[in-house]
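Trainee: Below are the sequence and a predicted model for it; my questions follow.
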Amino acid sequence: MNTLKMKDWGLGLGKHVVIAEPCSVETEKQIDDLCNSFEREPQIGMFRGGIWKPRTRPGNFEGLGEEALPWLQKVKSRLHIPVCVEVANTSHVEAALKHDIDVLWIGARTTVNPFSVQEIADSLRGVDIPVMVKNPINPDLALWVGALERMYDVGINKLAAIHRGFADPYDKIYRNKPNWNLAMQLKLELPEIEIINDPSHISGKSEMVQAVSQRALNFGMDGLMIETHPNPAEAWSDARQQLNPEQLLTLLKEISFRERIDFENQIPENLKEMRDSIDHIDQKLIDLLSDRFHLIDKVGAYKKAHELSVYQGGRWKDVLESRVKLGTEKDMSEKFMKNLLIAIHDESIKRQEKQIANKDIEPLTII
Ligand SMILES: C=C(O[C@@H]1C=C(C(=O)O)C=C[C@H]1O)C(=O)O
């Protein structure tokens, strides 16, 4: 994809984009209050307002709709920053374009549905407006990439992605569990697409927003979209996860937007040396793993000849416990050691099954 980075969207966006936003636009006064707080804050690069709010069940506040759009125009003239809204259908797009909204974004509940995404894309054919695409609710990279491709195919070349986490009913910590690996995979697949992180929807509670923001920047995310309300306790939607302007400004002061190393440019000599050593160690790790798996194949052949079962619980328990102990003594976490060993063991089982059945077996664990 030949897309433009956010700094080249012609909207005055800097290197790290910070989008401040009330979850929902509620009153003109709420927007005025936020403008007063952010008037002299150059770090706020964009303003977002929820106008149409998808709600799981009817009866909750679903956004003010078109009547709130003129208030966002006021934000543009007061703060001189672009404004963006979520669009979920073609009438939203039409209303947003009519009111000079600068950037549109596609929400997680829309990204899951290629029909909806295609309809929105078709309504944007020939329109020069940036579009940001939130990840779908489920961790399906192809859906996320697909939605970006649908936009690109109708001629939108100002594109970004938003990582807002994924629904996980078993997770007790986050509202939407982050999947940094999936976000990294998106970067590998579409290196030109920048990713904004939405720590508010990931954490679901204001006190976690800072830690998640820092984590996102550590993972190389290109910006933050943080829900902000003059008085979060009174918010008509998502009260628990919004920061007040003062909290947002403190967060922006305290987190570190680290410099990223551009691979095209020169890598500092010290870092290069360390990376060379890492390359060397990885080569040794791979050689050792390969030796281990060749032995596993021999064990598999032995088990086939002697009609023994592939999985050996007692041996596996010993291997797991002793290696986790060795690893933790060398400063590696128990969780990491377990994950690593489980991945190796799954592969061992798979290789032995393949030998016995003489055909490929689906991997047991996806990592
Ligand atoms: C290699 C074996 O087969 C399996 C794989 C193991 C491993 O990868 O270390 C351990 C126990 C078995 O479940 C074995 O039985 O020794």
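Mentor: Noted; the coordinates are in hand.
Trainee: how about the residues of the chain near the ligand?
Mentor: Proximity of the chain to the ligand is confined to 296, 299, 311-312, 315-316, 319, 345, 348 under the rule Cβ under 6 Å from any ligand atom. C-beta: built from backbone N, CA, C; applies to glycine.
Trainee: between those residues, which has the most around it?
Mentor: Ser348 (21 neighbours; other Cβ atoms under 10 Å).
Trainee: surely that one meets Ile296?
Mentor: Yes: counting by Cβ atoms under 8 Å, Ser348 touches Ile296, with 4.6 Å between them.
Trainee: related to what we said a few turns ago, out of the residues of the chain next to the ligand, flag the one nearest to Val212.
Mentor: His345 (32.1 Å; Cβ to Cβ).
Trainee: if I look at Asp331, how far off is Met337?
Mentor: 11 Å (Cβ to Cβ, to the nearest Å).
Trainee: ok, these two, which is more surrounded?
Mentor: Met337 (18 against 6).
Trainee: contacting residues for that one?
Mentor: By Cβ atoms under 8 Å, 6 or more residues apart in numbering, the contact set of Met337 is 323-324, 327-328.
Trainee: Any stretches of the chain with poor pLDDT?
Mentor: Low-confidence segments of the chain (pLDDT under 70): 260-265, 359-367.
Trainee: tell me the domain ranges of it?
Mentor: 6-254, 269-357 (automatic domain parsing).
Trainee: Quick check, the residue in this protein closest to the ligand?
Mentor: Residue nearest to the ligand within the chain (Cβ to the nearest ligand atom): Ser348, separated by 3.3 Å.
Trainee: max-length helix in the chain?
Mentor: helix 269-306 (DSSP state H).
Trainee: Secondary structure element holding the residue of the chain closest to the ligand?
Mentor: helix 334-357 (DSSP states H and E).
Trainee: could I have that helix exported to PDB, CA atoms only?
Mentor: Provided in PDB are the C-alpha atoms of helix 334-357 (Å, rounded to 0.1, in the frame of the first residue of the first chain):
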ATOM      1  CA  GLU A 334       8.300 -18.700  35.400                       C
ATOM      2  CA  LYS A 335       5.600 -17.700  32.900                       C
ATOM      3  CA  PHE A 336       8.100 -17.300  30.100                       C
ATOM      4  CA  MET A 337       9.800 -20.600  30.900                       C
ATOM      5  CA  LYS A 338       6.500 -22.400  30.900                       C
ATOM      6  CA  ASN A 339       5.300 -20.900  27.700                       C
ATOM      7  CA  LEU A 340       8.600 -21.700  26.000                       C
ATOM      8  CA  LEU A 341       8.700 -25.300  27.200                       C
ATOM      9  CA  ILE A 342       5.000 -25.900  26.400                       C
ATOM     10  CA  ALA A 343       5.700 -24.700  22.800                       C
ATOM     11  CA  ILE A 344       8.700 -27.000  22.500                       C
ATOM     12  CA  HIS A 345       6.800 -29.900  24.000                       C
ATOM     13  CA  ASP A 346       3.800 -29.400  21.600                       C
ATOM     14  CA  GLU A 347       6.200 -29.400  18.700                       C
ATOM     15  CA  SER A 348       7.800 -32.600  20.100                       C
ATOM     16  CA  ILE A 349       4.500 -34.300  20.300                       C
ATOM     17  CA  LYS A 350       3.500 -33.200  16.800                       C
ATOM     18  CA  ARG A 351       6.800 -34.500  15.300                       C
ATOM     19  CA  GLN A 352       6.300 -37.900  16.900                       C
ATOM     20  CA  GLU A 353       2.700 -38.100  15.800                       C
ATOM     21  CA  LYS A 354       3.800 -37.200  12.300                       C
ATOM     22  CA  GLN A 355       6.300 -40.000  12.400                       C
ATOM     23  CA  ILE A 356       3.900 -42.500  13.700                       C
ATOM     24  CA  ALA A 357       1.100 -41.500  11.300                       C
END
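Trainee: Can you name the residues bridging to the residue nearest in space to the middle of the chain?
Mentor: Nearest to the centroid of the C-alpha atoms of the chain, with distances taken as Cα atoms, centre = their mean, sits His163, at 2.6 Å. For His163, the beta-bridge partners are Asn197 (DSSP bridges).
Trainee: Surely it and Pro199 touch.
Mentor: No: using Cβ under 8 Å, His163 is not in contact with Pro199, being 9.5 Å away.
Trainee: what is in contact with the two at once?
Mentor: Ala216.
Trainee: Okay, and the beta partners of Gly225?
Mentor: Not Gly; residue 225 is Met. Ile19.
Trainee: That concludes my questions; thank you for your assistance.
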